[in-house]
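[1] Next one to model:
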Amino acid sequence: MARVKVSKTKIWVALICLLLVFYLLVMLQRSFTLMFVSPEWQAKAMGAAYFVIPFVAAWALISEVLFGARTEKLANILEAEGGLPEDNLPRTPGGRIIRAAADAEFEKYKVEAETAPDDWRSWFRLSCAYDAAGDRKRARKAMRDAVGMYRAH
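    Residues are numbered from 1 along each chain as shown. This next block holds a predicted model:
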């Protein structure tokens with residue numbers, strides 16, 4: 001029998017997702033109550049507007065969970081190939097990466113991504129470098145690009 005390794009983080013993510021789904025179901029129930037039980041037109045309008053929120057939140061939840069799962073899949077592939085960037089950057093006593101060291105390391109991965117723009121591996125490593133340098137927005141964009149390239153091939 002295969003043994004599944006589940007991290008504490010995955011358990012917390014699952015619990016938070018379950019809580020969010022419960023909350024979204026309660027929101028749907030409340031929106032129906034406002035739309036169909038309340039006699040005032042203002043409550044009906046508010047219920048109709050309130051009805052849309054759970055669907056937007058469900059879409060965001062699903063897309064984020066899929067993004068995380070796909071990112072983890074790519075990380076596992078790179079780890080098996082020995083291609084994950086090493087986490088050997090110097091840190092402050094509080095555990096934060098020293099920004100100057102991250103910026104210097106970033107240049108290496110930026111050049112790698114520029115020389116191999118169609119390789120998802122280089123974009124994955126560039127995403128890790130962006131994250132280490134503290135630029136989360138570009139890190140997520142680079143990781144989305146890496147996932148897209150992987151899925152396209």
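[2] where does the residue of the chain most remote from its centre land in three-state SS?
    Here the centre of the chain is the reference, and by C-alpha atoms, centre = their mean the most remote residue is residue 39, at 42.0 Å. Under DSSP: H, G, I helix; E, B strand; the rest coil, the three-state class of residue 39 is coil.
[3] Return the distance of it relative to residue 28.
    21 Å (C-beta to C-beta, to the nearest Å). From N, CA and C alone the C-beta is placed, and that goes for glycine too.
[4] coming back round to it: what are the phi and psi values for the residue farthest from the centre of the chain?
    Phi and psi for residue 39, reported as degrees, to the nearest 10, are phi -80, psi -20.
[5] Please read off the pLDDT at it from the model.
    As predicted, residue 39 sits at a pLDDT of 91.
[6] Is residue 142 in contact with residue 136, as I believe?
    No - the pair residue 142 / residue 136 is not scored as a contact, 10.7 Å apart, by C-beta atoms under 8 Å.
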